[in-house]
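>>> Here is my input; please provide its structure:
(one chain, ligands or ions: 1)
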Amino acid sequence: MYEKIKQTADYIRQKTNDFKPEIAVILGSGLGSLVDELKMEYEISYKEIPNFPVPTVHGHKGALLFATLNSGKRVMVMQGRFHYYEGYNMRTEVVYPVYVMKELGIKTLIVSNAAGGMNLSYNVGDIMLIKDHINLMPSPLIGPNDDRIGPRFPDMHAAYDKELLALAHRVADKRGVAVREGVYAGITGPCFETPAEYKWLRIIGADAVGMSTVPEVIIANYLGLRIFGLSVISDVGGGDEPVEVSHEEVLAAVEKAVPVLVGLVKDILEDI
Ligand code: HPA
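This next block holds a predicted model:
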């Protein structure tokens, strides 16, 4: 994979006039409108990138975007991610873009997603800053380790950067936005949780659950990147009454929270 990553990064450098991004953002379902707020300089469709996974028909837009912020910092945005439940290989496809980001010189990764809440004090539309995660998916590091890329047994005691978390709280306070801070559990999906699973997730210490993010964070941590993550709470379960969850409902909740989340991420990007 080492050579493939280098080849992909070379192609991107050539297509972006050697842009050298410092921060990467992975946008989750329905969160694409962040890109409307940034002045894009280059856009490359996933389809044309050598060795990149091929987007599924129902997938998101599928492009890498490159922008310079007011502060002069250079950002790379992944519009659309590769979910394990879509059938992508965990080791070689789901997390492939993160390896490429590192090769391009990224130091900081911001991840966003929609998640179901099982902390009963949460409401639909809340924004949760991720302070830690529980991995309930296969690890993207299973298999032989390439010591040129990262360690065999990566430490995970501070996967989510404390300083970035503090910065996000400051930015939220300044904007007058109330945010939560919690633990994200990553499941494979594509089923939403049963009531018993929701309850179990709460008991094991999760505040929210989703079908993404954890694989990318594991690899980003393995590669020594600083990580910040946030979730939009799109439904709340795990109480006494079972609650039906639908994809449409999730997208509707996310849509409402998007302007707030986009404002937050924009400020965080400028202040990093
Ligand atoms: N479970 C898993 N993933 C999700 C959920 C959920 O309830 N809501 C949004 N993504």
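>>> in what helix or strand does Met76 lie?
strand 74-79 (DSSP states H and E).
>>> quick check: angle from whichever helix or strand comes after that strand to strand 74-79?
Next helix or strand after strand 74-79 toward the C-terminus (DSSP H and E): helix 96-104. Using axes from the mean of the first three to the mean of the last three Cα atoms, to 10 degrees, one finds that helix 96-104 and strand 74-79 are set 170 degrees apart in direction.
>>> So what's the gap between the strand holding Met76 and the chain middle?
Relative to its chain's centre, strand 74-79 lies at 12 Å (Cα atoms, centre = their mean, to the nearest Å).
>>> Look at the closest residue to the ligand within the stretch 1-150 of the chain and tell me its secondary structure.
Closest contact between the stretch 1-150 of the chain and the ligand, by Cβ to the nearest ligand atom, is at Gly116 (2.1 Å). Yep, even glycine has a C-beta here, placed from its N, CA and C like the rest. When classified by DSSP: H, G, I helix; E, B strand; the rest coil, Gly116 comes out as strand.
>>> And for it, the neighbour number?
By other Cβ atoms under 10 Å, the residues close to Gly116 number 27.
>>> Return the residues in contact with it.
Gly116 sits next to 192-193, 198, 208-210, 233-237, 245, 250 when contact means Cβ atoms under 8 Å, 6 or more residues apart in numbering.
>>> can we see that at 7 Å?
Phe192, Glu193, Ala208, Val209, Gly210, Ser234, Asp235, Gly237, Val245 (Cβ atoms under 7 Å, 6 or more residues apart in numbering).
>>> can you map out the strands along this structure?
Using DSSP state E, the strands of the chain run over 23-27, 40-45, 63-68, 74-79, 108-117, 127-135, 180-186, 208-210, 226-236.
>>> Mind giving me the packing neighbours of the last one?
Okay, so that is strand 226-236. In this structure, strand 226-236 packs against strand 108-117, strand 127-135, helix 162-175, strand 208-210, helix 214-222, helix 247-271, with contacts taken as 3 or more Cβ pairs under 7 Å, 6 or more residues apart in numbering; DSSP states H and E.
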